[in-house]
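1. Have a look at this fold, sequence not included:
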């Protein structure tokens, strides 16, 4: 394995991790932003009001996108397993 191959594998793994994590993180960000705007407009400063909906939204999105996430991860693992001989030969 040369440096270019290692960097390519690392880049692909990191990109897959970003793409798989993005839906949950973006929904949590948007829900948190909306709740913060609501709290600022109504002068409510309850920490639970900010935390609970974000967690519920993240869990919901996680379960809704789980088949897609698994498909992306399986694709990466299949690529890695299928190319093991190539990685060993270098």
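-> The structure has been received and is ready for your questions. Nothing here was measured: the structure is a model prediction, and the numbers come from that model. Residues are numbered from 1 along each chain as shown.
2. Quick check, central residue of this structure?
-> Averaging the C-alpha coordinates of the chain gives a centre point, and the residue nearest to it by C-alpha atoms, centre = their mean is residue 21 (0.2 Å).
3. Which secondary structure state does it sit in?
-> Local secondary structure at residue 21 is given as helix here, using DSSP: H, G, I helix; E, B strand; the rest coil.
4. Mind pulling up the pLDDT for it?
-> The predicted local distance difference test score for residue 21 is 97.
5. Can you give me the distance of it to residue 42?
-> 31 Å (C-beta to C-beta, to the nearest Å). All C-beta atoms are positioned from the backbone trio N, CA, C, and that covers glycine.
6. Burial check on residue 75, number of neighbours?
-> 11 (other C-beta atoms under 10 Å).
7. Could you shift the numbering so residue one becomes 58, and keep it that way?
-> Taking 58 as the first residue, the last one we looked at is residue 132.
8. by contact count, what packs against the helix or strand harbouring residue 86?
-> Under the criterion of DSSP states H and E, residue 86 resides in helix 60-99. Secondary structure elements in contact with helix 60-99, counted by 3 or more C-beta pairs under 8 Å, 6 or more residues apart in numbering; DSSP states H and E, are helix 104-139.
9. For this structure, name the helix or strand with the lowest mean pLDDT.
-> helix 141-146 (a mean of 87; mean pLDDT, DSSP states H and E).
10. buried residues in that one?
-> Neighbour counts over helix 141-146 (16 or more other C-beta atoms under 10 Å) mark no residue as buried.
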